[in-house]
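Enquirer: Need coordinates for the following:
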Amino acid sequence: MDPFPATQARRTLLVSLVSVGMGFTVLFPVLAPLGREIGLTEFQITAVIAASSLTVFLASPIWGRRSDVWGRKRVMLIGLFGFTAGTVLFNSVLYAGLHGLLTGWILFSALVIARMLHAAAMAATMPAANAYMADITTPANRTRGMGAAGAANNVGSILGPGVAALAIVSLLTPLWVMAAVALLNGLFVWRFLPEPPRHSTPARSPRLRYTDPRILPFIVVGVVMFSGMALVQQTMGFRFQDALGLTAAETARNFGFAMMLSAVCSLISQGIIVQRLNLAPFTLLRLALPLLIAAFTTMAFAESQLLLTVGTMIMGLGMGLAGPGFMAGASLAVSAEEQGAVAGVAGSCGPLGFTIGPLIGGALYQLDSAAPYAVAALVYVLLFAAMGRIGRRLRTP
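Expert: This next block holds a predicted model:
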């Protein structure tokens, strides 16, 4: 039997994750101005994201366990081709809204349903990809492996907002481009990504509870952290447009540029601190929180493009540390046979946060444009104060 081509597998996976990162971030700069163009309120716009995130939260653990049984590659392909089909469906509804074919609550309901169907399929990608990385790394280099995956995702996060600049052609152009990129990515994975070595071939993958004491500290920190992150990220498009007096296309371009710089900063965190310093996963989380507190405090008081962009960049530095720390910590806490299950459970914490955060953020923004960022900073201060107690619940693998 030929030896497993580990180097090829790692490179192919990382290239694929660049495309995945583009797909996840291209919508952020576009949706806020696009939603306003079709007559939605801030709360309705963030509710579309919340419904999508809730679907990913529910689907991710299922896809993670399926990857243990069906194989990582097959589940990744479901996610990538599902992303393409879902994007076409979502874009079609947006097109109908822009041209007056659907309006009001019918349009809002159609967007929610289309986005949930989109999310149910695309949710397969990240649990399978994270479990794949766990399969091809050892416990000693797991954090670096997750950091490399996060870095690849962040390269995509740099390119995604760049694609969003195509909104100057039309607000839907960036989303149609990403549908094509996701299709090409699926074909790339199908052709070049080998199935990783299997630790077991169970008829059913083991289930992991969110309350499992081995991963509970990471789950608590992850859900709170991603809720605050989502609260901020899903309202920043409004903040840029209102504080700077921008048009829809200008908002997509300026906020997209800030998101690109944020992703660059995140890449720097992962390329220097995560890759070169052998820090424990929970230590990375402790380092990330003060940066995120500083970012959100800056955003709460910022009224200029410079300060809003600086706050977004500091946020990128913090999330560059937090993401690999969270995923590697959860992965290292369980056995090799549970990697698909833990990837699904841990991977669903972000979507749960992006279910809670946008709803709170949209409501707060309608009350006061600075409120979402002040509340997020306060929540992170409380989380940072509790980190010592949460860390004592960690069990050594």
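
Enquirer: And the pLDDT for the residue nearest to Ser53 when sequence neighbours are not counted?
Expert: Take Ser53 and drop its neighbours on the chain: the residue closest to it by CB to CB, 6 or more residues apart in numbering is Phe354, 3.5 Å away. (C-beta placed from N, C-alpha, C; glycine too.) We have a pLDDT of 79 for Phe354.

Enquirer: other SSEs contacting the one helix or strand Phe354 maps to?
Expert: Taking DSSP states H and E as the criterion, Phe354 maps to helix 349-367. Counting by 3 or more CB pairs under 8 Å, 6 or more residues apart in numbering; DSSP states H and E, the packing neighbours recorded for helix 349-367 are helix 42-70, helix 216-233, helix 371-391.

Enquirer: Format those as JSON lines; extra columns: distance to Gly156, mean neighbour count and mean pLDDT.
Expert: Below are these laid out as JSON lines (distance: least, CB to CB, whole Å; neighbours: other CB atoms under 10 Å; pLDDT from 0 to 100):
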{"stretch": "helix 42-70", "distance to Gly156": "17", "mean neighbour count": "23", "mean pLDDT": "86"}
{"stretch": "helix 216-233", "distance to Gly156": "16", "mean neighbour count": "24", "mean pLDDT": "83"}
{"stretch": "helix 371-391", "distance to Gly156": "24", "mean neighbour count": "18", "mean pLDDT": "86"}
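
Enquirer: can you list these in TSV and add distance to Leu332?
Expert: Output for those, formatted as TSV (distance: least, CB to CB, whole Å):
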stretch	distance to Leu332
helix 42-70	16
helix 216-233	10
helix 371-391	15
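
Enquirer: Determine which of those helices approaches Gly323 most closely.
Expert: Closest to Gly323 of the helices and strands packed on helix 349-367 is helix 216-233 (CB to CB; 9.5 Å).

Enquirer: For the closest one, what is the distance to the chain centroid?
Expert: 12 Å (CA atoms, centre = their mean, to the nearest Å).

Enquirer: Average pLDDT for the following helix or strand past that helix, rounded please.
Expert: Following helix 216-233 in sequence order, the next helix or strand is helix 236-244 (DSSP H and E). Mean pLDDT, helix 236-244: 89.

Enquirer: Helix 216-233 and the helix or strand where Gly323 lies, what's the angle between them?
Expert: Secondary structure from DSSP H and E places Gly323 in helix 305-332. Angle, helix 305-332 to helix 216-233, by axes from the mean of the first three to the mean of the last three CA atoms, to 10 degrees: 160 degrees.
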